[in-house]
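Colleague: Predicted model follows, preceded by the sequence.
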Amino acid sequence: MDGYQKRTEKKKDSIRNAAMELFSEFGFEKVTVAEIAKKANVSPVTIYNYFGNKDDLVKHVISHSLNEAINERKAVIESNIPFPDKIKNLIFEKAAYIETVDPDFLQKLMSNDPEIKKIVDEMYQKAMPLLVQLFEEGKREGYIDETISTETLLMYVNMFKHAGNQYQLFDSPEKNAQITKEIGQLFFYGLLKKK
């Protein structure tokens, strides 16, 4: 990547970060391209040149953010660290998807825009093989009960996904991180206290 490409990518990152921050804080409808440009320290024309209109920008921002999150998790899943450390890293230390895209913001966008819902569903489908890979590793290493089918495990994941979409999260990022951690603990260890 040459110097021009690096500067372009840096500007795009700045625009994506500014847009996500403003959309999450004020809502998609209330934020203008001019406000995003000001926060990203670029001109509105730069945003239009790179991303098109505001609708296209939000779709790109959501897709990019979720894609990055999947790639980060893929790197952990495919790493050589022990299975329990993978789980700890994926669920407990990273607090799942909370730090990537505000779930309340994402839920509002999905309910108002079928294209956003399609993007999120496609990303979910992209993440499924990674979960299967993680589950299979857990079974091979004796951490997951090998008598439970992968289909049942995926159904279990789906139940958590749908349940998570039904409930409003808290305004506090700290509380959301705590709840996410506890959901992760329930997801992997169930209701019973570990012996």
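Modeller: Nice, I can see it. Residues are numbered from 1 along each chain as shown.

Colleague: From the contact counts, what lies against the worst-scoring helix or strand of the chain on mean pLDDT?
Modeller: Lowest mean confidence among the helices and strands of the chain (mean pLDDT, DSSP states H and E): helix 103-112, at a mean of 71. Under the contact criterion of 3 or more C-beta pairs under 8 Å, 6 or more residues apart in numbering; DSSP states H and E, helix 103-112 touches helix 54-77, helix 114-140. C-beta: built from backbone N, CA, C; applies to glycine.

Colleague: what's whichever helix or strand comes after the first one in contact with?
Modeller: Pointing back at helix 54-77 there. Reading on from helix 54-77 to the C-terminus, the next helix or strand found by DSSP states H and E is helix 83-87. Defining contact as C-beta atoms under 8 Å, 6 or more residues apart in numbering, one finds that helix 83-87 is touched by Val76, Ile77, Ser79, Leu134, Glu137, Gly138, Glu141, Tyr143, Phe188.

Colleague: Let's see that with 10 Å instead.
Modeller: 73, 76-80, 93, 134, 137-144, 184-185, 187-189 (C-beta atoms under 10 Å, 6 or more residues apart in numbering).

Colleague: May I see the buried residues of it?
Modeller: By neighbour count with 16 or more other C-beta atoms under 10 Å, helix 83-87 contains the buried residues Phe83, Lys86, Ile87.
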